[in-house]
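Colleague: model the following, please.
(chains A, B and C)
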Amino acid sequence: MKFSEILEKLNLASSHSLKASSATDREIAGPAPVDEATSGTISYIEGAKFASHITSTNASALILPLDESLQAKCDDRDIAWIAAADPRLLFAQTIALFYQPFRPESEIHPSATIHPTSQIGKNVYIGAHAVIQPGVKIGSNVCIHPNVVIYPDVEIGEGTVLHANCVIHERTRIGANCVIHSGAAIGSEGFGFVPTATGWVKMEQSGCTVLEEGVEVGCNSTIDRPAVGETRIGQNTKIDNLVHVGHGCQIGNNCAFAAQVGMAGGVKIGNNVILAGQAGIANQAKIGDGAIATAKAGIHSDVPAGAIVTGVPAIPHKLFLKAAAVYSRLPEMYQSLRQIQRKLDR
Amino acid sequence: MKFSEILEKLNLASSHSLKASSATDREIAGPAPVDEATSGTISYIEGAKFASHITSTNASALILPLDESLQAKCDDRDIAWIAAADPRLLFAQTIALFYQPFRPESEIHPSATIHPTSQIGKNVYIGAHAVIQPGVKIGSNVCIHPNVVIYPDVEIGEGTVLHANCVIHERTRIGANCVIHSGAAIGSEGFGFVPTATGWVKMEQSGCTVLEEGVEVGCNSTIDRPAVGETRIGQNTKIDNLVHVGHGCQIGNNCAFAAQVGMAGGVKIGNNVILAGQAGIANQAKIGDGAIATAKAGIHSDVPAGAIVTGVPAIPHKLFLKAAAVYSRLPEMYQSLRQIQRKLDR
Amino acid sequence: MKFSEILEKLNLASSHSLKASSATDREIAGPAPVDEATSGTISYIEGAKFASHITSTNASALILPLDESLQAKCDDRDIAWIAAADPRLLFAQTIALFYQPFRPESEIHPSATIHPTSQIGKNVYIGAHAVIQPGVKIGSNVCIHPNVVIYPDVEIGEGTVLHANCVIHERTRIGANCVIHSGAAIGSEGFGFVPTATGWVKMEQSGCTVLEEGVEVGCNSTIDRPAVGETRIGQNTKIDNLVHVGHGCQIGNNCAFAAQVGMAGGVKIGNNVILAGQAGIANQAKIGDGAIATAKAGIHSDVPAGAIVTGVPAIPHKLFLKAAAVYSRLPEMYQSLRQIQRKLDR
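Modeller: Here you go, the predicted structure:
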């Protein structure tokens, strides 16, 4: 694709007006990482951390932030460029110009096992060996990859994609345009056992799990259903791989949970909350809108809206950074303190 | 179901005598979470944390602890109630009055692949596309959901349920009335590699994994087998989702491990041990009966029976709480210490 | 097998000359754990931690380190022994004398769904209900267990084993002699979403994942592909269960990652790096050759070659040990400091 064509298409896709270099007639084969780009590819520079790559990259074109000094450096090295307020979004749009994700054509594979009481919409793909139990409703344009198992009375909204070997448990309702990645288990039984003098007694998990429109759930993640009521994931919330969402959690819209995050039962999370990798949240804790937990944070009590928290137990991030900086000086502090005490005791 | 009928059935199920309100003829449609309950449902109040819901819930009936003030509040709001020493257990029994978990009828699906040398008990369900390799023994009343794979020479005890897409590896022995949830891998190869000058040499994992009666293993959890001997999970131990149990671990009876807990190889755990979410235990560590590790604890050495431990490395919980309270004051402590030193140096 | 025959075979397999006891004619049925060994089995003693077992084990033969006092103790108890510089390696070789891992014979099961455009090598096993999409290339002697799903345009090298229910995503290239354990997801979409004023915008993941020769990936682990370029795992790197490797990570050769380790996107790891259980590495961090992260370490910035790091944020291991030893004294330090201040204020 000619660079000029990329520029034209991005101008149409972008909400901002773009700046671009004048060198527009070169041929671009596709996008590439900036440090491995070869001649004929387009890449991007996001923040200061990557700016140094401009002097060494072999890319023939770059997407830049609105920084004239970077643009000048590109001109010096004969790198065509497009500059925008959000170069990362522009790069995502550029990738989409070149790449079509794998999407099988509409087909119901003869080896799939589909119960006659299920309802299947139009233009649906159901892959080999998929299993659809009684009472399931599948919307139009749904894509169910091979070996997926859907338990009874599940609803799958239009345009949703279920990747291979994921399992959707009884009564789960998945909204439109969701993506469930390989091996994820949705709506499985919550971990509900009552301690008694004679051992654990199972509390049946009669509730269900609801994923609203536009939710993504990563590979091998697990989202349990509760004893009563719902576990609910709000619109457009994105969940990475190996995440656990406990029974009865209520998650808002537009959240992002990185890999290996874990939530115990009954956690309530607002909108636009970000949980970084391996963070954990204890039973019944509430996290306000827009809060951020950094990697490995352990949250035991409520977090107010907009807060950034770190550590175990989690404290405000800035306070944590200061305390952590002192942590490695603990041995010398301990020695100093003893010396002072000895001095004062004399 | 009439409230009076619920009360009667719970009285039969309960080991304690129950107290109840006199309003017994109302119709109850089913159980519900206390904060989302609608008229005609029954819910429960466990501890002080939930007591405030009595003044706002729309439930028509509540299960209460033995607290007369709560009972009086229910009477004021015309909420029928049942009170017991363990309201949570009573609520579990109430759910079971209304809810029958999904259990497919006895059938061996024609698409299942079952080796002729395997032995299958009576009244068994084997779902679509399940695979049963040579020498497998399946007890009566076992339920094997679709796409489960069972490697050779596995034994599955009576009444056990294997959920969709779980994998049971060679020589594993699973006792009666166990539940293996979707995607779990049981008896897989332990992570056994010997470091040598020319790289890692694989130590073949010739041992096996044994789950005693009444064990549950959560979705996508993994329990490895050892090089020699057994990995063993004791009776009625309950394991949540995404838990890893390393090769050769010996786990006692009636333990509960929350989601994302991890155990390295050769860990020995007593009876009635509770490991909260994301806790980890290092190689060969021993945990005594009744010990508790709180969320995210990192245990590197032996923990005595009955201890409650927290932190990384794990220390007694009360000590941790005190230390953690001071942690965020580290920067001010550091400043104070420097000021004192300067003062004393003058 | 006679003890003399074991000794002879180990002598052939070993790069070092072995020492052995004179009692060589006893029959050995197989290997066993030292603390559970019965008469007629062979076990091993690795370090000082296990040496005490010599006085109690029922094993008829032991593999020992080069320590004459241990050998003498064996002689006293009539335990035949073999001594070597690396007893663990020798024990691995001993297990391999007795144990043949399960390996199905060459067969393409009639229920497998194999696209006609795929290319299948010689002597391949493809189990029941496996699904192989268009354009896949399978090398000779590959073993694909039941219910594996392989997306389009994947390459699987000679001798590689894919265990049950794992999923290999589009364009992934897996080298020769790799092992992918049950439920693992390889080459799945990276977690790439661009924050915008109207919510998360998906960045298509057009890159691929490459596993070089001899890589192992544990059960239910996930290795994502990036938006552009490659995620790459170097030769003979061994990855345990429930590990997450984010999009675009570059991992060197001969590394070992224990269970539940997580890496965010773009992490660069050298050769011979060891990450212990539940360690986590933040976006774009670089870890030098031979570095070690201990269990639960949280790495936020670059780690030099050969370093051993611990803690969150990770600091040098020795420093951490000293600081952690003081941590539990924080409350008393805080009190001391306040007392000193009061004293000085007077």
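
Colleague: going by C-alpha atoms from here, please, whenever you check contacts or count neighbours.
Modeller: OK.

Colleague: poorly predicted segments of the stretch 1-150 of chain A, please.
Modeller: Residue ranges of the stretch 1-150 of chain A with pLDDT under 70: A:15-16.

Colleague: could you redo the last one with a cut-off of 80?
Modeller: Along the stretch 1-150 of chain A, the model assigns pLDDT under 80 to residues A:13-17, A:23-24, A:47-50.

Colleague: give the contact list for the residue in it that chain C sits nearest to.
Modeller: Per CA to the nearest CA, residue A:92 is where the stretch 1-150 of chain A lies closest to chain C, at 4.7 Å. Neighbouring residues of residue A:92 by CA atoms under 8 Å, 6 or more residues apart in numbering or on different chains: C:194, C:202, C:203, C:204.

Colleague: where does it land in three-state SS?
Modeller: For residue A:92, the assignment made with DSSP: H, G, I helix; E, B strand; the rest coil gives helix.

Colleague: how about the one 10 residues further on?
Modeller: When the structure is reduced to helix, strand and coil (three-state DSSP), residue A:102 reads as coil.

Colleague: tell me how many other residues crowd it.
Modeller: The local packing of residue A:102 (other CA atoms under 10 Å in any protein chain shown) involves 11 other residues.

Colleague: so what are the domain limits for chain A?
Modeller: For chain A, automatic domain parsing gives the domain ranges A:3-98, A:166-321.

Colleague: got the end-to-end distance for the first one?
Modeller: In terms of CA to CA, to the nearest Å, the two terminal residues of domain A:3-98 are separated by 12 Å.

Colleague: before we move on, what about stretch A:126-135?
Modeller: Span of stretch A:126-135 from end to end, CA to CA: 16 Å.

Colleague: one more: stretch A:188-207?
Modeller: 10 Å.

Colleague: please work out the average pLDDT along that stretch.
Modeller: Stretch A:188-207 carries an average pLDDT of 96.

Colleague: centre of the chain to that stretch, how far?
Modeller: 30 Å (CA atoms, centre = their mean, to the nearest Å).

Colleague: what's the answer for stretch A:200-215, then?
Modeller: Distance, centroid of stretch A:200-215 to centroid of chain: 21 Å (CA atoms, centre = their mean).

Colleague: kindly report the same for stretch A:95-107.
Modeller: Between the centre of stretch A:95-107 and the centre of its chain there are 20 Å (CA atoms, centre = their mean).

Colleague: report how many residues lie close to the residue lying closest to residue A:80 once chain neighbours are set aside.
Modeller: Closest residue to residue A:80 apart from its sequence neighbours, by CA to CA, 6 or more residues apart in numbering or on different chains: residue A:61 at 4.4 Å. Residue A:61 has 29 neighbours, counted by other CA under 10 Å.

Colleague: quick check: bridge partners of residue A:61?
Modeller: residue A:42, residue A:80 (DSSP bridges).

Colleague: my read: it touches residue A:43, true?
Modeller: Yes. The criterion here is CA atoms under 8 Å, and residue A:61 meets it with residue A:43 at 6.4 Å.

Colleague: hmm, back to that, please identify the deepest-packed of the domains of chain A.
Modeller: Most buried of the domains of chain A, by mean neighbour count (mean count of other CA atoms under 10 Å in any protein chain shown): domain A:166-321, with a mean of 24.

Colleague: now the end-to-end length of that domain.
Modeller: Start-to-end span of domain A:166-321 (CA to CA) is 40 Å.

Colleague: what's the answer for stretch A:34-46, then?
Modeller: Start-to-end span of stretch A:34-46 (CA to CA) is 10 Å.

Colleague: can you put the domains of chain A in JSON lines and add distance to residue C:113?
Modeller: Shown next, in JSON lines, are those (distance: least, CA to CA, whole Å):
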{"stretch": "domain A:3-98", "distance to residue C:113": "30"}
{"stretch": "domain A:166-321", "distance to residue C:113": "18"}
